[in-house]
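K.L.:
Provided below are the primary sequence and the corresponding predicted coordinates.
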Number of protein chains: 2
Amino acid sequence: MNDKKTYSISELASEFDVTTRSIRFYEDQQLLAPARRGQTRVYSSQDRVRLKLILRGKRLGFSLAETRELFELWDETTTGSEKQLNLLLVKIAEKRAELEQQLKDIAMVQLELDSAEARCRETLNEIQQKQQTE
Amino acid sequence: MNDKKTYSISELASEFDVTTRSIRFYEDQQLLAPARRGQTRVYSSQDRVRLKLILRGKRLGFSLAETRELFELWDETTTGSEKQLNLLLVKIAEKRAELEQQLKDIAMVQLELDSAEARCRETLNEIQQKQQTE
DNA sequence: ATACAGCTTTACGTTTACGTAAACTTCCTT
DNA sequence: AAGGAAGTTTACGTAAACGTAAAGCTGTAT
């Protein structure tokens, strides 16, 4: 089955370089639901994967609400009714479109960085030419 | 030279589907600096480009502060000192790394969407099989 | 002349995503 | 037994990115 290893909150926090406060907040926002041993949170490897996904979403500028929505989509892939599932396919397509827009945006910004770097190097060259002739 | 056309704040707002409030806020945060005719803002085509860049940054999850930093980098490509310029190259490299991380993240999320879609279609098939045999 | 459409500033309100502090339990170590 | 180290809840604070009035100026169409 799945890795049966478990994690404490601070293990996950240091592994992913986030605060425990953040992890608890994600739980508060329904993005995580760790087990408890007494009142202590015990994270499974699935929980760990979810955390990884949350942080990945953040790097792409997803809000926590958006990421939670994605999780809900995923969860409903097995349980949903026919109508639900068709709606899901639509939402998945929407997310795809979003990602492709981001790919375009990244390509554009990369071009801008290329351009900035080129100008930067030109100016540096000019400066060094001057210093040679002085 | 550059397009000498100018734009009103509401023209830009409707073109890019943002509120005038947002545009003024970007100015407040030093991301835009339109000319004035009397007290009315007059946006040049360069201003328009900057706005486009701001929104592109937003789609990539950049904060306004980050985008402003990028603008400052760009502006300094002509004026900076040698030390400045070398520091700039470092910053540009950092941004590049960020973008490449985002590319990886997007690829991963795309795989997850593939997977979700597949599961979705499977479940739909099962449902339809059942309906056939009933 | 007035009305209104579009611009302006000022300023308080709101949401998101946490930070930070206080006060408490639990378990281990010295 | 006494004190940390790591966990917990509760709650107020904060930065970012605007939303949302309120109140006023400004050109122009009726």
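P.N.:
Nice, I can see it. Numbering: from 1, shown residues only, chains lettered A, B, ... in the order given.
K.L.:
When you work out contacts or count neighbours from here on, use the C-alpha atoms and nothing else.
P.N.:
Fine.
K.L.:
Just say helix, strand or coil for whichever residue of chain A sits closest to DNA strand D.
P.N.:
Nearest to DNA strand D, among the residues of chain A, is A:R41, at 3.4 Å (CA to the nearest atom of the strand). When classified by DSSP: H, G, I helix; E, B strand; the rest coil, A:R41 comes out as strand.
K.L.:
Isn't it up against A:E27?
P.N.:
No - at 10.5 Å, A:R41 does not count as touching A:E27 under the criterion of CA atoms under 8 Å.
K.L.:
Show me which helix runs longest in chain A.
P.N.:
helix A:82-133 (DSSP state H).
K.L.:
Taking their axis directions, that helix and helix B:82-133 sit at what angle?
P.N.:
Counting by axes from the mean of the first three to the mean of the last three CA atoms, to 10 degrees, helix A:82-133 lies at 160 degrees to helix B:82-133.
K.L.:
so what does helix A:82-133 touch, helix or strand wise?
P.N.:
Under the contact criterion of 3 or more CA pairs under 8 Å, 6 or more residues apart in numbering or on different chains; DSSP states H and E, helix A:82-133 touches helix A:64-79, helix B:45-59, helix B:64-79, helix B:82-133.
K.L.:
next one: phi and psi at A:S8?
P.N.:
In terms of degrees, to the nearest 10, the main-chain angles of A:S8 are phi -90, psi 170.
K.L.:
Enumerate the residues of chain A near DNA strand C.
P.N.:
Contact residues, chain A versus DNA strand C (CA under 7 Å from any atom of the strand): A:19-22, A:25, A:62-65.
K.L.:
Need the helices and strands packed on helix A:82-133 in TSV (columns: mean pLDDT, distance to A:Q110 and mean neighbour count).
P.N.:
Shown next, in TSV, are those (pLDDT from 0 to 100; distance: least, CA to CA, whole Å; neighbours: other CA atoms under 10 Å in any protein chain shown):
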stretch	mean pLDDT	distance to A:Q110	mean neighbour count
helix A:64-79	94	26	17
helix B:45-59	98	12	18
helix B:64-79	93	12	17
helix B:82-133	94	7	16
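K.L.:
I'd like the ones you listed as TSV, with distance to DNA strand D appended.
P.N.:
Output for these, formatted as TSV (distance: least, CA to the nearest atom of the strand, whole Å):
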stretch	distance to DNA strand D
helix A:64-79	14
helix B:45-59	7
helix B:64-79	4
helix B:82-133	16
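K.L.:
For the closest residue to DNA strand C within chain A, which non-adjacent residue is closest in space?
P.N.:
Of chain A, the residue with the smallest distance to DNA strand C, taken as CA to the nearest atom of the strand, is A:S63 at 3.1 Å. The spatial neighbour of A:S63 that comes closest, neighbours along the chain excluded (CA to CA, 6 or more residues apart in numbering or on different chains), is A:G57 at 7.6 Å.
K.L.:
just A:G61 next, same as before
P.N.:
Per CA to CA, 6+ apart, closest to A:G61 is B:G61, 3.9 Å.
K.L.:
my read is the one you found is in a helix, agree?
P.N.:
No - secondary structure of B:G61 (three-state DSSP): coil, not part of a helix.
K.L.:
And the residue lying closest to A:I9 once chain neighbours are set aside, what's its pLDDT?
P.N.:
Ranked by CA to CA, 6+ apart and with sequence neighbours excluded, the top spatial neighbour of A:I9 is A:T20, at 6.3 Å. At A:T20, the model reports a pLDDT of 98.
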